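> Provided below for reference: sequence and predicted model.
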Amino acid sequence: MLEVDLCGIKLKNPLILASGILGSYSSSLNEIAKTAGAVVTKSVSIEGREGYKNPTVINWKCGLINAVGLASPPAEIFAKELRNFNKSCPLIVSLYGKSPKDFSKLAEIFEIADAFELNLSCPHVKGAGMEIGKDIELSCELVKAMKEITEKPIIAKISAMHDYVKLSKELEKVGLDAVAISNTLPGMKIDIISKKPILSNLTGGVSGPGIKPIALKCVFDLYKALEIPIIGCGGITTFEDVLEFIMAGASAVQIGSAVYYSKGIFCSLKESLEAFLRMNNSRISELVGIAHLR
Ligand SMILES: Cc1cc2nc3c(=O)[nH]c(=O)nc-3n(C[C@H](O)[C@H](O)[C@H](O)COP(=O)(O)O)c2cc1C
């Protein structure tokens, strides 16, 4: 009922843990992997990064704002740690770097991955993420390099802040297997007592319910433009949110901030989705893009 085929990978359900939410340890991924359709690791680079000083994550009315700064251990250490992953679901390794050479090397290091997600959209690290995705030519080179070195599916994680239809159409032409949209969107918060921005990096990325309508429209737009599968991400906290993304055209969804509010979120979403599908005598795959029918 909930099974999904994502670029040839079988998922037991369409609920994927979004990148960066549970840090860089297998032990935290292992618990969620028992119920999730797939999990995405924290984004990793060859050298690793220390990230920004605290405060790096703040809670606001409609979600979170973070500037963790892509903190993760160097790739070789991270890959060793991932040997403790329990393989209860497919493992998607999120990569960031600056050149095709960086990405090819990362693909070789993470043999354990079932698929790769290229982070072309982190909004708060100079020279990585979002800045790479803004350069369509370079992004195409990265995808081409990955396709040359591995037969595993390549997902590009892009942003609502990109020219996202143009970017993903170009990436599709060079062999991209799926698009995930969206990463966090740039934002900030000011403490009115100290009269200063709260995050040590001054600005960060907004996630959670506040960005859901924006991410949903991105999926709706992309469904009309692309042949490859779309993974929706942004502000999902309820099974109704999941269904909206699926009906807009997502083949699967990623869940991030909601894990901070409830560790049992994957279990409760799965049960509610099953009840909805039973009531409607339907399968999740039959609902993909159904909101486009007139
Ligand atoms: C604390 C935190 C760290 C994140 N780290 C990453 C990361 O390393 N790589 C990445 O691609 N996205 C990262 N994200 C973005 C999420 O994967 C997701 O795209 C975003 O939070 C929107 O989904 P949500 O509203 O369900 O949280 C991070 C988000 C948060 C809140």
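Ah, there it is. All figures in this text were calculated on a predicted structure; none of them were measured in a lab.
> switch to C-alpha atoms for all contacts and neighbour counts from now on
Fine.
> what's the local residue count around the nearest residue to K98 once chain neighbours are set aside?
Closest residue to K98 apart from its sequence neighbours, by Cα to Cα, 6 or more residues apart in numbering: A128 at 6.4 Å. Using other Cα atoms under 10 Å, A128 has 19 other residues around it.
> what does the stretch 1-150 of the chain put close to the ligand?
A18, S19, G20, I21, K42, S43, N66, L70, N119 (Cα under 6 Å from any ligand atom).
> give me that answer again for 8 Å
Residues of the stretch 1-150 of the chain lying close to the ligand by Cα under 8 Å from any ligand atom are 17-21, 23, 41-44, 56-57, 63-71, 94, 117-122, 129.
> list only buried entries from the residues you listed.
Among these, those scoring as buried are 17-21, 41-44, 56-57, 63-71, 94, 117-122, 129 (criterion: 16 or more other Cα atoms under 10 Å).
> mind listing which of those are in strands?
Among those, the members found in strands (DSSP state E) are L17, V57, G63, L64, I65, N66, S94, E117, L118, N119.
> need those in JSON lines (columns: pLDDT).
Formatted as JSON lines, these follow (pLDDT from 0 to 100):
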{"residue": "L17", "pLDDT": "97"}
{"residue": "V57", "pLDDT": "95"}
{"residue": "G63", "pLDDT": "96"}
{"residue": "L64", "pLDDT": "97"}
{"residue": "I65", "pLDDT": "97"}
{"residue": "N66", "pLDDT": "95"}
{"residue": "S94", "pLDDT": "97"}
{"residue": "E117", "pLDDT": "98"}
{"residue": "L118", "pLDDT": "98"}
{"residue": "N119", "pLDDT": "97"}
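> which stretches of the stretch 151-294 of the chain form helices?
With DSSP state H, counting those that start in this stretch as the criterion, the stretch 151-294 of the chain has helices at 164-173, 212-225, 239-248, 258-261, 265-279.
> which one of those helices lies nearest to the ligand?
With Cα to the nearest ligand atom, the closest approach to the ligand among the helices of the stretch 151-294 of the chain belongs to helix 258-261: 6.0 Å.
> output the contacting helices and strands for that closest one.
Of the remaining helices and strands, none touches helix 258-261 by 3 or more Cα pairs under 8 Å, 6 or more residues apart in numbering; DSSP states H and E.
> is the ligand contacted by that helix?
Yes: using Cα under 8 Å from any ligand atom, helix 258-261 comes into contact with the ligand via A258.
> and for stretch 232-249?
Yes: Stretch 232-249 comes into contact with the ligand (Cα under 8 Å from any ligand atom), by way of C233, G234, G235, I236, T237.
> hmm, back to that, the helices of the stretch 151-294 of the chain: lowest mean pLDDT?
Comparing mean pLDDT over the helices of the stretch 151-294 of the chain, the weakest stretch is helix 258-261, at a mean of 94.
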